[in-house]
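**Q** coords below, sequence missing:
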C-alpha cells in the first residue's frame, strides 16, 4: 500500500469519526438501530430464544445464521438503547436474547475470554436460578483453561444464588464443579465432601445426567491420587450412565478416564480401545477441548508401549490443538510427558529443556499433581546425567509434595526413582527401603508397569548383596510383568538386568539370549538410552564364549557410544561387569578402551 493510500485511509477514518460525532445522540441511536435491523435481516431475521437457563434438562441451542454476528448486533443494540422511547422494554428483551446467544456461540467455539465476559454481563440482568447458571457457565470455561483462581469465586457466587433460589437440581450442578476445582488445587478432603454432596443431591433430584457427570469427576479424582481400581470402576459406571442419558460429550470424557486407568494398570490394548472410542465420540460432537486431552492420552499409551515415534507425533498434534484452544494445563502435562519420552530415547538435553520449560509456567497451587510430576521427571533426568546430588534433592522435594497432596501414584513413582538413585550410588540399605516402599505402593494401586520396574531394581539390589537366587526370581518376575503390560522399553531394561545376572554368575549361555531380546526390543522402539549398555553386554558374551574378534569389535563400538554420551557412572558399571564376567569365565578382561584409543 502506498503512502498516499495510507494517508487517504487515515483521513477517511478521521472524517468518518468526525461525521459520526456531528450526529445528535438521538440520531446516532436511530442509526445504530437501523444498522441492527439491516444486519439482523441479512442474517436470517430474528433468532429464536435459546433454551432457558433455569431449565432442568440441558438442551443444545440450535444454530442460527445471526449467531455469527451476535456480538456485532449487541454493539448496535447498546447504542440504540441510548435513545429512550416506548419500545425500550422490547429492545432490552432483544438485547438479552442476543447476549445469551452470543455467550452460547462463543462457548461452543471456545473463545473463552469473550464468552466469560458475555456470561457475566448476562448474569447482571438475570435473577435466581438463571443468574446462578450464567455465572456457573462462565466459571466452567475458566476452569477448563486452568484459570481456577478466577473460576472459584464465580462458582461460590453461583452457589449462593442457587441456594437462595432453592433449586436442589442447580445447586448440585454447582457443587459438582466446585468439587472438581477443590480436587485440582489439592484440597482433597473438601473435594471429596463436596462431590459426595453433589452426588447425593443429583440422585435425590432425579438428575441421572448430573449423577453421571459427578461420577466422572470422582473417577478423575481417584485417578489423580493413584486409586486406580476405584478410578476404573467409577469411570466405567459414569460412561454407562451418560450413555443411557444420551450425553455424548460426557460419555466421551468418562471413556477418557477409563482409558487412563487401563493404561496405568498395565492394560494398553484396553486403554487404546477406550481412547479411540472416546475420540470417535468427541470428534462427532465437535468437542475439541476434550479431543485434545484424548489425543494426549493416546500419546501416553503409545509411549507406555514403547512406540516412541507414534507417541511423539501424537503429542505434537495434541499440543498444537491445546495451544490453539488456550489449554495451558494440557500443554504443560503433555510437555512433561514429552520430556519423559525424550529421556527414554536418550535425548537428555532436550528432555531437560522441555521439563524446565513446563516447570517455569507451572503453578503449585492450581496444578499440584503436575508440579510433582514435573519435579520427579527432572530428578530422573538429573540422575540419568550422573548429577546424583541434584537428583536426590529434586526427588526428595517431589516426594514430600506428593505425600502432602496424597498423590499415591507419584509417591510410588518417586520412591522408585529414589531407590534407583541409591542403587546407583551404592547406598544399598537406603535403596532397599525405598524400593520396597515403592513396590508396596504400586501393588496397592495396581500400577503393574511400575511394579515391574521395582521388581527389576530389587533384583539388581539382591545381586549386589550376593543373593543371586533371589535376584533371579525377582528379575524373571519383572520381565514377565513388563511383557504382560506390553511395556517394551521397561521389558528391554529388565531383560538386560537379567542378562547381567547370568553374566556375573558365570552363565553366559543364558545371558546371551537375554541381551539379544533386549537389543531387539530397543531397536524396534527406537529407545537409544539403553542401546549402548546392551551392546556392551553382548560384546562381553561374545568374548567370554570364545568369539574374540566379534567380542572386541562389539565392545569397542559400544564403549565409544557410552563415552560419547558422557555416561561416566554407567561406563564404570559396565567395566566392572565385564571384569567380573571375564574372571568367572577364566578369560583375560577386555581392554577398558581409554578415550584416545576408542576410535
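**A** Yes, it's here. None of the values given here were measured: they were computed from a predicted structure.
**Q** Beyond the helix or strand hosting residue 532, next helix or strand please.
**A** Using DSSP states H and E, residue 532 maps to helix 531-544. Downstream of helix 531-544, the next assigned helix or strand under DSSP H and E is helix 548-565.
**Q** The helix holding residue 532 to helix 548-565, inter-axis angle?
**A** Interaxial angle, helix 531-544 versus helix 548-565 (axes from the mean of the first three to the mean of the last three Cα atoms, to 10 degrees): 160 degrees.
**Q** Buried ones in helix 531-544, by neighbour count?
**A** Under the neighbour-count criterion of 16 or more other Cβ atoms under 10 Å, helix 531-544 has 531-544 buried. For every residue, glycine as well, the C-beta is placed using N, CA and C.
**Q** With pLDDT as added columns, please give the residues you listed in JSON lines.
**A** Formatted as JSON lines, those follow (pLDDT from 0 to 100):
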{"residue": "531", "pLDDT": "80"}
{"residue": "532", "pLDDT": "82"}
{"residue": "533", "pLDDT": "83"}
{"residue": "534", "pLDDT": "86"}
{"residue": "535", "pLDDT": "85"}
{"residue": "536", "pLDDT": "85"}
{"residue": "537", "pLDDT": "86"}
{"residue": "538", "pLDDT": "83"}
{"residue": "539", "pLDDT": "85"}
{"residue": "540", "pLDDT": "85"}
{"residue": "541", "pLDDT": "85"}
{"residue": "542", "pLDDT": "83"}
{"residue": "543", "pLDDT": "84"}
{"residue": "544", "pLDDT": "80"}
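**Q** Tell me the one of the residues you listed nearest residue 509?
**A** residue 541 (8.7 Å; Cβ to Cβ).
**Q** doesn't residue 513 make contact with that closest one?
**A** No: using Cβ atoms under 8 Å, residue 541 is not in contact with residue 513, being 9.4 Å away.
**Q** which strands and helices sit next to the host helix or strand of residue 414?
**A** Using DSSP H and E, residue 414 sits within helix 408-424. Where contact means 3 or more Cβ pairs under 8 Å, 6 or more residues apart in numbering; DSSP states H and E, helix 408-424 is packed against helix 368-384, helix 388-404, helix 428-445, helix 448-464.
**Q** relative orientation of the first one and helix 388-404 in degrees?
**A** Angular relation of helix 368-384 and helix 388-404 on a 0 to 180 degree scale: 160 degrees, by the same axes, to 10 degrees.
**Q** again, but for the third one
**A** Using the same axes, to 10 degrees, the inter-axis angle of helix 428-445 relative to helix 388-404 is 40 degrees.
**Q** and for stretch 202-219, what are the contacting residues?
**A** 56, 58, 168-169, 172-173, 176, 179-180, 183, 195, 198-199, 230-232, 234-235, 237-242, 244-245, 247, 250, 253-254, 257, 261 (Cβ atoms under 8 Å, 6 or more residues apart in numbering).
**Q** ok, and for that stretch, which residues are buried?
**A** So stretch 202-219, judged by 16+ other Cβ under 10 Å, has buried residues 202, 205, 207, 209-219.
**Q** Touching, residue 530 and residue 494? I think so.
**A** No: assessed by Cβ under 8 Å, residue 530 is found out of contact with residue 494, at 10.6 Å.
**Q** Neighbour count for these two, which is higher?
**A** Remark: of residue 530 and residue 494, residue 494 carries more neighbours, 30 against 20, as counted by other Cβ atoms under 10 Å.
**Q** for residue 60, phi and psi?
**A** Note on residue 60: its backbone torsions stand at phi -70, psi 140 [degrees, to the nearest 10].
**Q** for it, what are its contacts?
**A** Here residue 60 is in contact with residue 51 (criterion: Cβ under 8 Å, 6+ apart).
**Q** Could you number the chain from 36 rather than 1 from now on?
**A** Right, with 36 as the first residue, what we last looked at is residue 95.
**Q** how far away is it from residue 201?
**A** 27 Å (Cβ to Cβ, to the nearest Å).
**Q** likewise residue 555?
**A** 67 Å.
**Q** Give me the distance between residue 336 and residue 306.
**A** For residue 336, the distance to residue 306 - Cβ to Cβ - is 5 Å.
**Q** Touching both of the two, which residues are there?
**A** Residues touching both residue 336 and residue 306 (Cβ under 8 Å, 6+ apart) are 294, 298.
**Q** mean confidence score for stretch 517-531?
**A** Average pLDDT, stretch 517-531: 86.
**Q** what does stretch 261-268 give?
**A** The model assigns stretch 261-268 a mean pLDDT of 86.
**Q** Not counting its own residues, what contacts it?
**A** Residues outside stretch 261-268 that contact it (Cβ under 8 Å, 6+ apart): 254-255, 257-258, 292-293, 295-297, 299-300, 442-447, 476, 480-482.
**Q** do that again at 6 Å, thanks
**A** Residues from elsewhere that reach stretch 261-268 (Cβ atoms under 6 Å, 6 or more residues apart in numbering): 254, 257-258, 296, 299-300, 443-444, 480-481.
**Q** ok, back up a step: looking at residue 555 and residue 201 now, which is surrounded by more residues?
**A** residue 555 (14 against 10).
**Q** any idea which element that one lies in?
**A** helix 543-560.
**Q** That helix - what's its average pLDDT?
**A** pLDDT averaged over helix 543-560 gives 87.
**Q** Stretch 113-133 too?
**A** The model assigns stretch 113-133 a mean pLDDT of 74.
**Q** Also stretch 459-478?
**A** 92.
**Q** what does stretch 149-156 give?
**A** Mean predicted lDDT for stretch 149-156 stands at 92.
**Q** May I see the buried residues of it?
**A** For stretch 149-156, using 16+ other Cβ under 10 Å, the buried residues are 149-151, 153-156.
**Q** same question, stretch 292-310
**A** 292-303, 305-310.
**Q** Packing partners of the helix or strand in which residue 339 is found?
**A** Assigned by DSSP H and E, residue 339 falls within helix 323-340. Applying 3 or more Cβ pairs under 6 Å, 6 or more residues apart in numbering; DSSP states H and E, we find helix 323-340 packed against helix 283-299, helix 303-320, helix 343-360, helix 363-379.
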